[in-house]
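Engineer: have a look at this fold, sequence not included:
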């Protein structure tokens, strides 16, 4: 159990376009989902935390208007990179928590975004 | 915020060797997880271990919360163990995980 999927696995887009990434918890209800960003050979950096039905909480330095997060249901969160530029190229990973006392996070396989 | 340090940053082993990876953290935690990131980027959950000792096959982990460190043991390493191992913690009262910088492991045949 505790499987998280992401779609798409990779995406290439032109500068100025918007890209939407989906994160789904397949076999559990996720009260909280998290979005991370990872640059090559670096660690994961948390971008934002989202709870179902409420606004996301963004980490310091993350542009809310650039990275739109929606957590419309207990199994789906989306990240939209708006007006993407080459510097937004990165590996984006989501995770989900069941919201029980353990707070264990389960991670999706990631989405590799390349902006030309 | 909470700080997480991992050591060593890089490790090269011959197949069959044992290794110990360390994770130090700067404050009390309510969550500590070990992950293996495979070459495709997928994070594999190894252990959820805010305290105590757990074992799963050739892997085991121990967290001494009072001394603020955790150890991941890999025994009889295999080439498929290669990749990056991350420790991540959540401070008491927080949900969000803070990741360490990782240990890059290469197991050669």
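Structural biologist: Perfect, thanks for sending it. Since we're looking at a predicted model, the values are computed, not measured.
Engineer: for the rest of this, base every contact and every neighbour count on C-alpha atoms.
Structural biologist: Will do.
Engineer: now do the same contact list for residue B:86.
Structural biologist: For residue B:86, the contact set (C-alpha atoms under 8 Å, 6 or more residues apart in numbering or on different chains) comprises B:6, B:34-37, B:99-103.
Engineer: per-residue pLDDT, the residue in chain A that chain B sits nearest to?
Structural biologist: Closest residue of chain A to chain B, C-alpha to the nearest C-alpha: residue A:109 (4.6 Å). Note for residue A:109: predicted pLDDT of 96.
Engineer: what of residue B:29?
Structural biologist: pLDDT, read off for residue B:29, is 93.
Engineer: could you pick out the residues of chain B near chain A for me?
Structural biologist: Counting by C-alpha under 8 Å from any C-alpha of the partner chain, the positions of chain B adjacent to chain A are B:31, B:33, B:41-45, B:48, B:95-102.
Engineer: related to what we said a few turns ago, among the contacts of residue B:86, which lie within strands?
Structural biologist: B:6, B:34-37, B:99, B:103 (DSSP state E).
Engineer: excluding its backbone neighbours, what's nearest the residue in chain B positioned nearest to chain A?
Structural biologist: For chain B and chain A, the shortest gap (C-alpha to the nearest C-alpha) falls at residue B:42, measuring 4.6 Å. Excluding the flanking residues, the one nearest residue B:42 by C-alpha to C-alpha, 6 or more residues apart in numbering or on different chains is residue A:109, at 4.6 Å.
Engineer: if we can go back for a sec, out of the ones in strands among the contacts of residue B:86, what pair is the most spread apart?
Structural biologist: B:6 and B:37 (14.8 Å; C-alpha to C-alpha).
Engineer: buried residues, the helix or strand harbouring residue B:62. List them.
Structural biologist: Per DSSP states H and E, residue B:62 falls inside strand B:59-64. For strand B:59-64, the neighbour count (16 or more other C-alpha atoms under 10 Å in any protein chain shown) marks B:59-63 as buried.
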